[in-house]
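J.: Sequence and computational prediction follow.
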Amino acid sequence: MFKYLILFLVIYIAYVFVKASKRRVDRPDIRRGSQEGEAMVSCKVCGVHMPRSESILSRGSDYYCSKEHLEIGS
């Protein structure tokens, strides 16, 4: 009876170890830089930095944070 208990514990520990290592493999590594950052630009009027996709582009190279600053800067 004691042999079966030890065998069960060894199999259970192996199962937990394999499951934990599989979870580690499936999880994305944040430190690895799996996601690339977006280019940041600064508003020509106030200098606030923001992602390029959230800015307003004018004249090909001037970025603004809002419509109001676009009107002031133009």
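T.: In hand now; what should we look at? Numbers count the residues shown, from 1 in each chain.
J.: Tell me which stretches of this structure form strands.
T.: 40-42, 49-51, 56-58, 62-64 (DSSP state E).
J.: now the protein, which segments are flagged as low pLDDT?
T.: Screening the chain residue by residue with the criterion pLDDT under 70, one finds the ranges 23-35.
J.: Helices of that one, residue ranges please.
T.: 2-26, 67-73 (DSSP state H).
J.: what's the most buried one of the ones you listed?
T.: By mean neighbour count, with neighbours taken as mean count of other CB atoms under 10 Å, helix 67-73 ranks first of the helices of the chain at a mean of 14. In this view, the C-beta of every residue, glycine as well, is placed from N, C-alpha and C.
J.: that older thread, would you tell me which of the strands of the chain gets closest to Met1?
T.: Nearest to Met1, of all these, is strand 49-51, at 65.3 Å by CB to CB.
J.: Output the helices of the chain as TSV; include the columns distance to Ala39.
T.: Supplementary listing: those in TSV, determined by distance: least, CB to CB, whole Å:
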stretch	distance to Ala39
helix 2-26	31
helix 67-73	19
